[in-house]
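**Student:** coordinates for the following, if possible.
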Amino acid sequence: MAELDDETALEQERIRQVGGGRKSAFETIEGLDAAFLRVLEQHTAGSPMDETVKWTHLKRHEIAVLLREEGIEVSVTVVDQLLEKHNFRKRKAVKRLATGESEHRNEQFERIEQLKNTYQAAGNPVMSMDTKKEK
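**Tutor:** Down below sits the predicted model:
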């Protein structure tokens, strides 16, 4: 009540000191961005038409768990901020019927991963393309 009666206190722009409050995780956790990008490295996809459009199939809490395994404890709120900072977008799920299964499907993906790692280790670029036609 005394502060409300004090004219000089009412004319002040701010009461609290500048820089008060909890620091952002980006300021306090060293290597946060690098760890985040490392975690999403194998879980990132993007648009073949626009290289700025990228997304991940991981859920926010799954990313937080993977960061915890890297030794960095963050909340899903920080994960949201990281996704936005690194231009990840939400991808709308589209339901489609499966076109069939192959008993060698997993082997195909393991071979692709092996080739990708070999080419990258040799300093060659790797490009992924989706060649399915829309109906």
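**Student:** contacts and neighbour counts: CA atoms only from here.
**Tutor:** Noted.
**Student:** where does the chain have low pLDDT?
**Tutor:** Residue ranges of the chain with pLDDT under 70: 15, 92-100, 130, 132-135.
**Student:** in it, which helix has the most residues?
**Tutor:** Ordering each helix of the chain by length in residues (DSSP state H) puts helix 105-121 first.
**Student:** list the buried ones in it?
**Tutor:** Neighbour-count burial for helix 105-121, counted by 16 or more other CA atoms under 10 Å, picks out Lys116.
**Student:** identify all contacting residues around it.
**Tutor:** Pro125, Val126 (CA atoms under 8 Å, 6 or more residues apart in numbering).
**Student:** if we go to 7 Å?
**Tutor:** Residues outside helix 105-121 that contact it (CA atoms under 7 Å, 6 or more residues apart in numbering) are Val126.
**Student:** and stretch 48-58, by the same measure?
**Tutor:** For stretch 48-58, the external contacting residues (CA under 7 Å, 6+ apart) are His43, Thr44, Ala45, Gly46, Ser47, Phe88, Arg89, Lys90, Arg91, Met129.
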